[in-house]
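> sequence first, then the predicted structure, then my questions.
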Amino acid sequence: MASCTLFQLLVLLSIIVAPTNANVEGDALHALRKAVKDPGLVLESWDPTLVDPCTWFHVTCDSDNRVTRIDLGNAKLLGNLVPELGKLERLQYLELYMNELVGPIPKELGNLRNLVSLDLYHNNLTGSIPASLSKLSSLKFLRLNGNRLTGRIPRELTKLGNLKIIDVSDNNLCGTIPTSGSFSKFSEESFVNNPSLEGPELMGFVRYDVGEGSCQ
């Protein structure tokens with residue numbers, strides 16, 4: 001009887017300390033799947049009954065079975081990004097370019113401290129660029145071009161010391177182009193085709209706060 005009770009305790013303990021990280025990450029990815037239409041069935045392998053999302057196509061994991069990469073560029077996905085993506089703590093590459101994604105960029109993406117590349121270009125994303133992306137200290141590539149983003153370029157992004165490429169061209173951004181910090185090395189090509197965007201701010205012609213009330 002004692003051994004049976006011990007066995008039951010061990011089973012219960014194994015459930016409690018099950019790979020919760022895998023569950024959380026699987027739930028996060030399944031939230032994305034539920035938020036998009038997938039006419040090409042590229043997410044067909046994303047089975048929520050499987051604890052480990054590392055077996056799903058277009059998902060790469062490290063040796064600890066933690067998600068490090070999502071490759072869904074040009075996958076014909078239609079729908080919204082979800083805040084749950086911010087729970088993928090070891091994610092390094094988020095590749096969702098050339099889809100039909102709409103709605104805002106979740107501020108929770110700023111929780112992806114290991115992110116190296118954020119590629120959301122050529123979608124129909126709206127809203128502003130979250131200032132929370134300034135927390136992505138490992139970020140090297142930020143490509144948001146070809147969307148319908150509005151508002152200012154957050155000055156907090158100039159603190160991203162590892163940033164090598166930024167492209168926010170072909171949006172509806174306004175205000176002026178920051179030139180301090182990491183932004184000092186980027187050419188105006190990174191910002192073209194934003195009709196209400198002026199600058200660069202240190203050229204002596206415009207200040208960052210000019211027209212602040214009218215820039216939404």
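Happy to help now that I have it. Residues are numbered from 1 along each chain as shown.
> can we go C-alpha only for contacts and neighbour counts from here?
OK.
> just say helix, strand or coil for the spatially most central residue of the chain.
Nearest to the mean C-alpha position of the chain, counting by CA atoms, centre = their mean, stands residue 109 at 4.7 Å. Recorded secondary structure, residue 109: helix (DSSP: H, G, I helix; E, B strand; the rest coil).
> helix/strand/coil for the closest residue to it other than its chain neighbours?
Nearest residue to residue 109 in three dimensions, chain neighbours excluded: residue 86, at 4.7 Å (CA to CA, 6 or more residues apart in numbering). Put simply, residue 86 is helix when judged by three-state DSSP.
> please enumerate the strands of this protein.
With DSSP state E, the ranges of strands along the chain come out as 36-37, 59-61, 67-71, 78-80, 93-95, 100-103, 117-119, 124-125, 141-143, 150-151, 165-167, 172-176, 196-198.
> the fifth one packs against which elements?
Strand 93-95 sits against strand 67-71, strand 117-119, with contacts defined as 3 or more CA pairs under 8 Å, 6 or more residues apart in numbering; DSSP states H and E.
> try the second one
Using 3+ CA pairs under 8 Å, 6+ apart as the contact criterion, the secondary-structure elements in contact with strand 59-61 are strand 67-71.
> who does the strand it packs on pair up with?
Strand 67-71 has its sheet partners listed here by DSSP bridges as strand 59-61 (antiparallel), strand 93-95 (parallel).
> residues contacting the nearest residue to residue 91 once chain neighbours are set aside?
Nearest residue to residue 91, sequence neighbours excluded (CA to CA, 6+ apart): residue 68, at 3.9 Å. By CA atoms under 8 Å, 6 or more residues apart in numbering, the contact set of residue 68 is 59-62, 88, 90-93.
> can you put the residues you listed in TSV and add pLDDT, neighbour count and distance to residue 116?
Formatted as TSV, these follow (pLDDT from 0 to 100; neighbours: other CA atoms under 10 Å; distance: CA to CA, whole Å):
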residue	pLDDT	neighbour count	distance to residue 116
59	97	17	16
60	97	19	14
61	97	17	15
62	96	12	15
88	97	25	13
90	98	18	10
91	98	24	8
92	98	21	5
93	98	21	6
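> tell me the one among the residues you listed nearest to residue 52.
Nearest to residue 52 among these: residue 61, at 9.9 Å, using CA to CA.
> Throw the helices and strands packed on strand 93-95 into JSON lines and include distance to residue 82, thanks.
As requested, these are exported to JSON lines (distance: least, CA to CA, whole Å):
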{"stretch": "strand 67-71", "distance to residue 82": "14"}
{"stretch": "strand 117-119", "distance to residue 82": "15"}
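> nearest to residue 138, of these?
strand 117-119 (8.7 Å).
> give me the buried positions along stretch 29-40.
29-33, 35-38 (16 or more other CA atoms under 10 Å).
> then stretch 183-199?
183, 186, 190-194, 197-199.
> now stretch 101-116
For stretch 101-116, the neighbour count (16+ other CA under 10 Å) marks 101-116 as buried.
> neighbouring contacts of it?
Counting by CA under 8 Å, 6+ apart, 77-94, 123-141 sit against stretch 101-116.
> can I get the strands paired with strand 67-71 in a markdown table with distance to residue 170?
Listed next are these as a markdown table, based on distance: least, CA to CA, whole Å:
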| stretch | distance to residue 170 |
| --- | --- |
| strand 59-61 | 29 |
| strand 93-95 | 19 |
